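Chemist: Following is a predicted model, sequence given first.
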Amino acid sequence: QVQLVESGGGLVQAGGSLRLSCAASGRSFNSYTMGWFRQAPGKEREFVAAIGWSGGSTYYADSVKGRFTISRGNAKNTVDLQMNSLKPGDTAVYYCAADNSYGTISTFISRYAYWGQGTQVTVSS
């Protein structure tokens, strides 16, 4: 079992930055692909970014590429999402998720078995 707890959300003006953090419990964390997803009001949950177990592979949604950076610290069981140049369209609840399938990085929600409770990010114009 893996438990995930996100933190770092808040209110920021357009063009600003936020850093989200996800703390994971569980002995197998270092073996899992980790991802960040988001869900805006009235919209479906969507993929944002993911990072492989070693941290050597990353993948981003086109909408955040060049603005967001995902990283992980396996010694501390954490995965972070640095968000720069934020836009009002980035407003959403952001979720951390863990994929325990030991496969390649996936953008599909169904691949991720464990989820955090989410943290709200609001970007004002």
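Modeler: Right, received. Where do you want to start?
Chemist: now the strands for this protein?
Modeler: Here the chain has its strands, by DSSP state E, at 3-7, 10-13, 18-25, 33-39, 46-51, 58-60, 68-73, 78-83, 92-99, 114-115, 119-124.
Chemist: Identify whichever of those lies nearest to Thr107.
Modeler: Of all these, it is strand 46-51 that lies closest to Thr107, at 4.0 Å by CB to CB. Every residue, glycine included, has its C-beta placed from N, CA and C.
Chemist: how about stretch 49-68: buried residues?
Modeler: Buried positions in stretch 49-68, judged by neighbour count with 16 or more other CB atoms under 10 Å: 49-53, 59-61, 64, 68.
Chemist: cool, and stretch 14-21?
Modeler: Here stretch 14-21 shows 18, 20-21 as buried, counting by 16+ other CB under 10 Å.
Chemist: Tell me the spacing between Tyr59 and Arg19.
Modeler: 19 Å (CB to CB, to the nearest Å).
Chemist: isn't Ser7 right up against Thr78?
Modeler: No - using CB atoms under 8 Å as the test, Ser7 is too far from Thr78 to be in contact (10.0 Å).
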